[in-house]
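Engineer: Below is the structure, and that's it, no one-letter string:
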């Protein structure tokens, strides 16, 4: 950022930055920051203070925050400011009628980011397919409960490849490189996960695709699985999709799920959504209060009119008994 002020003796600019409110920090304060200034003199005898081709990096003040507000406070000590400007333009480019301009470079990012895997997959494993009994070197056994309580569970088998699993899942990479019994027996038994979710998990591992994941429950189930097997990219995909289902009724529930699954981007999104929810509730309450106040004022106004009307009738003898 390049910063210039003309007539420095008669003006001063103070800079502040404030992050947007969150549930953890609902009332953030403006934090001051300052430019390192150098003083130079031009031929027109104006004194100018400026930072010469320097950049002031504010990243640490707003890192991982949903947004920020930048404020410049102009403090004039001896009357008005003749001319001042901010950032990157040469003074000759500014017209005499222009006294304020800004050029702030901000790198914005989406509230939820999906980072694709840049690691190259070995050509030798690109053509491997799920449930290839001949080339597979590892078996996943899944106990699927029967619909009838008296019957035993059904065992479903997935024939997989250790190289593929290790390339997409930190959980499987650690397991397969260990001396655990499952690694030695080339077999892992799983429970407490549905066949549908596990099948999609392996489909993503092998093809980077998902099938028939439609509603919120499906995405939440997949998010739990992605967290369980330490698959950060799949967690991000779930975050992006679950975000579309967040509403005023389920935002707190979704936030709890997000924290359980280390889906911190989704958790922050829910926090911002809850602020909007609180603001909406506050506005509704204010509207209700205004409505009640209006009704009360109308009632009081009606009572006053009735009392005045009765008083007028009384003065005119309308209620005297001898009238009837």
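Structural biologist: It's in. What you see is a predicted model; the values in this text were computed from it and never measured. Numbering: from 1, shown residues only.

Engineer: Just confirm residue 245 contacts residue 214, I think it does.
Structural biologist: No - using CB atoms under 8 Å, residue 245 makes no contact with residue 214, being 10.6 Å away. Every C-beta, even on glycine, is put in place using the N, C-alpha and C of the backbone.

Engineer: And those two? Which one has more around it.
Structural biologist: residue 245 (13 against 9; other CB atoms under 10 Å).

Engineer: so what's the more buried one up against?
Structural biologist: Applying CB atoms under 8 Å, 6 or more residues apart in numbering, one finds that residue 245 lies in contact with 215, 216, 219, 254.

Engineer: dump the residue contacts of the third one.
Structural biologist: Neighbour list for residue 219: 213, 238, 241, 242, 245 [criterion: CB under 8 Å, 6+ apart].

Engineer: of those residues, closest to residue 195?
Structural biologist: Distance ranking of the contacts of residue 219 against residue 195, using CB to CB, places residue 213 first at 13.9 Å.

Engineer: Please look at that closest one and residue 241 and confirm they touch.
Structural biologist: Yes - using CB under 8 Å, residue 213 makes contact with residue 241 at a distance of 7.5 Å.

Engineer: For this protein, which residues score under the pLDDT cut-off?
Structural biologist: Along the chain, the model assigns pLDDT under 70 to residues 1-13, 35-55, 74-111, 117-124, 146-153, 276-298, 300-324.

Engineer: Show me it divided up by domain.
Structural biologist: Annotated domains of the chain cover 3-93, 123-245 [automatic domain parsing].

Engineer: Redo those as TSV? Include distance to residue 113.
Structural biologist: Compiled in TSV, the domains of the chain are given as follows (distance: least, CB to CB, whole Å):
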stretch	distance to residue 113
domain 3-93	12
domain 123-245	7
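
Engineer: Among the ones you listed, which comes closest to residue 262?
Structural biologist: domain 123-245 (5.7 Å).

Engineer: now the helices: where do they sit in the stretch 151-300 of the chain?
Structural biologist: 162-168, 170-176, 181-185, 195-207, 216-228, 232-243, 251-260, 264-315 (DSSP state H, counting those that start in this stretch).

Engineer: how deep is residue 15 tucked in, by neighbour count?
Structural biologist: 19.

Engineer: For it, which residues count as its bridge partners?
Structural biologist: Residue 15 has these beta-bridge partners by DSSP bridges: residue 33, residue 72.

Engineer: From what I see, it and residue 31 are in contact.
Structural biologist: No - distance between residue 15 and residue 31: 9.6 Å, which falls outside the contact criterion (CB under 8 Å).
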